[in-house]
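1. Sequence and computational prediction follow.
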Protein chains: 2
Amino acid sequence: MAPGRLFLVPSPLSEAPQERVIPGYVWESIAHIRHFAVEEERTARRFLSKGCFKGRIDTLSLYTVNEHSTAEQIERTAQVMLDGNDMALISEAGLPAVADPGAALVQIAHNHNVEIVPFVGPSSLMMALMSSGLNGQCFAFSGYIPVKSPERKARLQEMEARSARLHESEILIETPYRNDSLFADMLSTLKPATRLCIAADITGESQFIRTRSIAQWRKEPLSIGKRPCVFIFLA
Amino acid sequence: MAPGRLFLVPSPLSEAPQERVIPGYVWESIAHIRHFAVEEERTARRFLSKGCFKGRIDTLSLYTVNEHSTAEQIERTAQVMLDGNDMALISEAGLPAVADPGAALVQIAHNHNVEIVPFVGPSSLMMALMSSGLNGQCFAFSGYIPVKSPERKARLQEMEARSARLHESEILIETPYRNDSLFADMLSTLKPATRLCIAADITGESQFIRTRSIAQWRKEPLSIGKRPCVFIFLA
């Protein structure tokens, strides 16, 4: 039997109305789908209810695929697609499989010649990068860096050296409650001339996007708080 | 006088209808704008005509901002915004200032406390990455690499070593008419187990997204042709 297709469906980054960030074409294209691989069931149900699945959420099958999923669980979820069903992959916020789980499912799809259908939606990393004024021709995303200060500071210095050598923008994120401590370590560790963009609550009510040199940030106190935040710096 | 705002407006990657990839909210938000900093005037006019500016393109002022622009020209364009006018930045395809010109204008905006308003739209790099099944938790984009084979092969090997060391997905693009020669150099240079995703004509009629090991690609001939293409590999 021919396998189904795998649709990659972005989801909103903030509480703002979903239609601002998800083209209507996405809903038209996935209205027939019954099988969803999702990072978090509750968030996914809420999102799908706001789209074209209002009133028929209970007819859908949801499968959790996240950082706790075993290879075997992901294989089992993939089987639904290999059995001929179209499936959609949705992460908790933003693009599935980018700074979020899901790549393992996509890899299985490639191994079995499943057609992959990506859709347009919000990427906090790219919205921050385009807004930063920093180098968009050369950049790297390293995900989460160590949490403890000595290791974190050492890593920041490594990244700063690489940024200076390659003229590369360094993108990173942190669990929201650690934003301010990461920011403090950046201010005490990075060089005064290094430019740092803080992009918080992108697309949301309290959206804040500002690029300053480290020297300027030291004079301009900021509390990021627990808003989702992307940090980008260029030495 | 308070400066205007700078709106960052994505544009389509392919000939497919723009409403598939640009949320209607973008047009609602920029309908009042009269000043556009654009990578290429003709492409921008065509795109804006398909959106909310149909029939009134001639009332808009377009300013070219591309890789040939001098710092002085960009300063002059920025002045329009600093004089109190809302301005939009549009690149030829995809997100402005990401793998495209425009960052210099955004930087001036930050220097003058201009509010930056990014919108959602297609990013070929991220649509390729999410579709690749490769590592979306750690990746780097290096833009264009050297064109001549000896230098190009050396660079590919450097990138492959970095990919193996950091478990980092390496993203690159090439001028379309060089796609097939870059692909040939990848096949002859990268290790058999390195996985390579070819993502061509994303969102377009001939969309092609496939991830294979180099060993598999060597047995599976492919002509990419002059379609826009993103290459991603993970050692």
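-> It's in. The model shown is predicted, which means the values in this text are computed figures rather than measured ones. Numbers count the residues shown, from 1 in each chain, chains lettered A, B, ... in the order given.

2. What mean pLDDT does the lengthiest helix in chain A get?
-> Longest helix in chain A by number of residues (criterion: DSSP state H): helix A:149-166. Across helix A:149-166, pLDDT averages out at 96.

3. wouldn't A:Phe231 be in contact with A:Leu190 here?
-> No: using Cβ atoms under 8 Å, A:Phe231 is not in contact with A:Leu190; the gap is 10.5 Å. For glycine as for every other residue, the C-beta is placed from the backbone atoms N, C-alpha and C.

4. and the nearest residue to A:Glu168 once chain neighbours are set aside, how many neighbours does it have?
-> Of all residues not flanking A:Glu168 in the chain, A:Cys138 sits nearest, at 4.7 Å (Cβ to Cβ, 6 or more residues apart in numbering or on different chains). Residues near A:Cys138, counting by other Cβ atoms under 10 Å in any protein chain shown, number 18.

5. do the same with A:Arg5
-> Neighbour tally, A:Arg5, other Cβ under 10 Å: 16.

6. now swap in the one 5 residues further on and tell me
-> The burial metric for A:Pro10, expressed as a neighbour count using other Cβ under 10 Å, is 27.

7. For it, give its distance to A:Asp100.
-> Applying Cβ to Cβ, to the nearest Å, the value for A:Pro10 to A:Asp100 is 10 Å.

8. With A:Ser188 instead?
-> On the measure of Cβ to Cβ, A:Ser188 and A:Asp100 end up 30 Å apart.

9. got the residue ranges for the strands in chain A?
-> Applying DSSP state E to chain A gives strands spanning A:6-9, A:35-38, A:61-64, A:87-90, A:116-118, A:139-141, A:169-173, A:195-200, A:208-213, A:229-234.

10. Save those strands as JSON lines, and put in mean pLDDT and distance to chain B too.
-> As requested, the strands of chain A are exported to JSON lines (pLDDT from 0 to 100; distance: least, Cβ to the nearest Cβ, whole Å):
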{"stretch": "strand A:6-9", "mean pLDDT": "98", "distance to chain B": "5"}
{"stretch": "strand A:35-38", "mean pLDDT": "97", "distance to chain B": "13"}
{"stretch": "strand A:61-64", "mean pLDDT": "97", "distance to chain B": "17"}
{"stretch": "strand A:87-90", "mean pLDDT": "97", "distance to chain B": "9"}
{"stretch": "strand A:116-118", "mean pLDDT": "98", "distance to chain B": "4"}
{"stretch": "strand A:139-141", "mean pLDDT": "97", "distance to chain B": "4"}
{"stretch": "strand A:169-173", "mean pLDDT": "97", "distance to chain B": "9"}
{"stretch": "strand A:195-200", "mean pLDDT": "98", "distance to chain B": "8"}
{"stretch": "strand A:208-213", "mean pLDDT": "98", "distance to chain B": "4"}
{"stretch": "strand A:229-234", "mean pLDDT": "98", "distance to chain B": "10"}
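
11. is it possible to export these to JSON lines including distance to B:Cys197 and mean neighbour count?
-> Output for these, formatted as JSON lines (distance: least, Cβ to Cβ, whole Å; neighbours: other Cβ atoms under 10 Å in any protein chain shown):
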{"stretch": "strand A:6-9", "distance to B:Cys197": "13", "mean neighbour count": "25"}
{"stretch": "strand A:35-38", "distance to B:Cys197": "20", "mean neighbour count": "25"}
{"stretch": "strand A:61-64", "distance to B:Cys197": "24", "mean neighbour count": "17"}
{"stretch": "strand A:87-90", "distance to B:Cys197": "16", "mean neighbour count": "27"}
{"stretch": "strand A:116-118", "distance to B:Cys197": "10", "mean neighbour count": "23"}
{"stretch": "strand A:139-141", "distance to B:Cys197": "17", "mean neighbour count": "26"}
{"stretch": "strand A:169-173", "distance to B:Cys197": "20", "mean neighbour count": "25"}
{"stretch": "strand A:195-200", "distance to B:Cys197": "27", "mean neighbour count": "24"}
{"stretch": "strand A:208-213", "distance to B:Cys197": "30", "mean neighbour count": "20"}
{"stretch": "strand A:229-234", "distance to B:Cys197": "24", "mean neighbour count": "24"}
